[in-house]
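J.: can't give you the sequence, but here's the structure:
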Ligand code: XUL
Ligand code: CO
């Protein structure tokens with residue numbers, strides 16, 4: 001493969017080449033100085049220990065591990081060289097030759113599974129092109145992909161680690177510059193279909209309970225050259241094909257669509273929870289899809305994460321979570337590790353109220369900062385995210401157990417529990433009956449929303 005092509009393939013990862021070092025390391029230990037991470041409690045000052053995440057500890061009737069269902073992202077852990085738009089990758093990956101070859105792809109697999117074992121994360125997620133490269137032909141691409149999938153299966157069996165969801169990268173290769181299923185070029189649609197078919201096959205083989213579609217480039221740069229109606233129709237047709245294919249091979253996993261408003265496109269069709277739900281409903285797809293909500297995408301959409309989660313939950317469509325956070329001072333998808341307890345508490349409050357995940361989990365779609373280039377930083381990053389969610393879980397469980405916020409909200413709406421409010425909710429009231437009623441009462445007296453009091457109360461729990 002010529003070097004230009006190789007650079008393109010590497011740069012879709014936004015990542016640049018991993019810093020090259022000798023790759024003659026012992027195969028058994030890729031992280032030789034890192035112990036298996038265990039719970040040592042809040043008083044421990046060991047940075048290679050959990051201070052709050054205690055996998056077997058029971059909180060609100062289930063172990064922490066069952067509640068949180070942590071996942072690690074193959075693309076960030078194994079393929080992210082930590083490049084940014086202004087500079088190449090810095091990450092030290094001594095196991096990686098930097099080549100887009102099958103051998104190099106196969107060599108990464110044991111590294112990743114060793115990482116999962118040492119960090120004590122049960123699940124992982126991947127894109128097809130994270131785990132194996134493009135070949136000279138599409139057939140060769142698929143052949144290499146299934147070889148790597150076979151090796152992943154062996155390592156899953158050896159380690160007990162599980163796939164949370166699979167997906168296809170339909171945004172990195174130059175052929176997807178105008179979109180994948182929304183490309184104006186029908187051959188590109190066909191290539192996307194071919195990739196998705198193979199990625200669903202792999203997800204099925206690996207026992208993944210979910211399969212994700214993130215728009216990637218399913219949107220537009222400008223409306224001046226875009227037939228939006230046709231593109232959105234094509235996207236819906238594509239998703240219907242995926243549903244039909246899954247059925248035909250007996251794959252019963254949950255499909256997810258992952259909202260994000262922009263980047264890389266100016267506008268993406270899967271822009272936020274509400275837009276995704278509307279699209280799924282309009283095209284008869286809602287019964288087949290749930291949403292995979294990502295914190296940094298919510299921020300980019302101008303919403304809070306809790307807003308996005310509630311919109312999804314209200315439609316019974318919250319499936320999974322890509323856990324990360326953005327940066328208030330940087331306007332792009334920084335994919336930082338979640339360390340904000342206020343944020344994790346707000347996520348866990350919704351999850352507990354929903355009754356927890358079924359097929360989904362908390363996938364760390366997060367990367368280290370470019371300056372954190374050493375392999376041990378992968379551990380610090382995940383430990384921090386896991387501890388932050390463990391604290392969020394415990395705080396949320398206590399808040400729900402105490403019931404003080406729920407009680408306040410219930411009382412706030414209690415005028416709908418009986419009388420005229422109950423008539424409105426039951427549908428028996430009309431404009432005329434309300435006109436009659438309103439003219440017979442004193443002007444409405446409002447109660448305070450007590451936002452500041454409740455914010456103080458929330459801080460008391462933190
Ligand atoms: C991109 C993003 C993706 C999806 C999977 O912002 O979040 O990595 O999670 O394609
Ligand atoms: Co994501």
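T.: Thanks, I have the structure now. Owing to the predicted nature of the structure, the values given are computational and were not obtained by experimental measurement. Ligands and ions are numbered 1, 2, ... in the order given.
J.: Ligand 1 contacts on the protein?
T.: By the rule Cβ under 6 Å from any ligand atom, the part of the chain lying against ligand 1 is 127, 167, 212, 214, 258, 260, 294, 322, 333, 365. To be clear about C-beta, it is placed using only N, CA and C from the backbone, and glycine gets the same treatment.
J.: Report the central residue of the chain.
T.: residue 322 (2.3 Å; Cα atoms, centre = their mean).
J.: Tell me the buried residues in the strand or helix carrying that one?
T.: According to DSSP states H and E, residue 322 maps onto strand 318-323. Of all the residues in strand 318-323, those buried under the rule 16 or more other Cβ atoms under 10 Å are 318-323.
J.: Give the pairing partners of it; include direction for each.
T.: Partner strands and pairing direction for strand 318-323 (DSSP bridges) are strand 289-294 (parallel), strand 362-364 (parallel).
J.: Make TSV out of the ones you listed and add mean pLDDT and mean neighbour count.
T.: As requested, the strands paired with strand 318-323 are exported to TSV (pLDDT from 0 to 100; neighbours: other Cβ atoms under 10 Å):
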stretch	mean pLDDT	mean neighbour count
strand 289-294	98	27
strand 362-364	98	27
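J.: which stretch among those strands comes nearest residue 432?
T.: strand 289-294 (39.9 Å; Cβ to Cβ).
J.: Tell me which stretches of the chain form strands.
T.: All strands of the chain, identified by DSSP state E, fall at 38-39, 49-50, 58-59, 62-63, 70-73, 123-127, 162-167, 210-214, 219-220, 254-258, 267-268, 289-294, 318-323, 362-364.
J.: Adding distance to residue 418, write those strands out as JSON lines.
T.: Output for the strands of the chain, formatted as JSON lines (distance: least, Cβ to Cβ, whole Å):
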{"stretch": "strand 38-39", "distance to residue 418": "49"}
{"stretch": "strand 49-50", "distance to residue 418": "49"}
{"stretch": "strand 58-59", "distance to residue 418": "36"}
{"stretch": "strand 62-63", "distance to residue 418": "36"}
{"stretch": "strand 70-73", "distance to residue 418": "45"}
{"stretch": "strand 123-127", "distance to residue 418": "47"}
{"stretch": "strand 162-167", "distance to residue 418": "45"}
{"stretch": "strand 210-214", "distance to residue 418": "43"}
{"stretch": "strand 219-220", "distance to residue 418": "48"}
{"stretch": "strand 254-258", "distance to residue 418": "40"}
{"stretch": "strand 267-268", "distance to residue 418": "45"}
{"stretch": "strand 289-294", "distance to residue 418": "35"}
{"stretch": "strand 318-323", "distance to residue 418": "31"}
{"stretch": "strand 362-364", "distance to residue 418": "40"}
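J.: With distance to ligand 2 added, can I get those in TSV?
T.: Below are those laid out as TSV (distance: least, Cβ to the ion, whole Å):
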stretch	distance to ligand 2
strand 38-39	28
strand 49-50	24
strand 58-59	26
strand 62-63	25
strand 70-73	8
strand 123-127	8
strand 162-167	9
strand 210-214	6
strand 219-220	16
strand 254-258	6
strand 267-268	13
strand 289-294	4
strand 318-323	4
strand 362-364	7
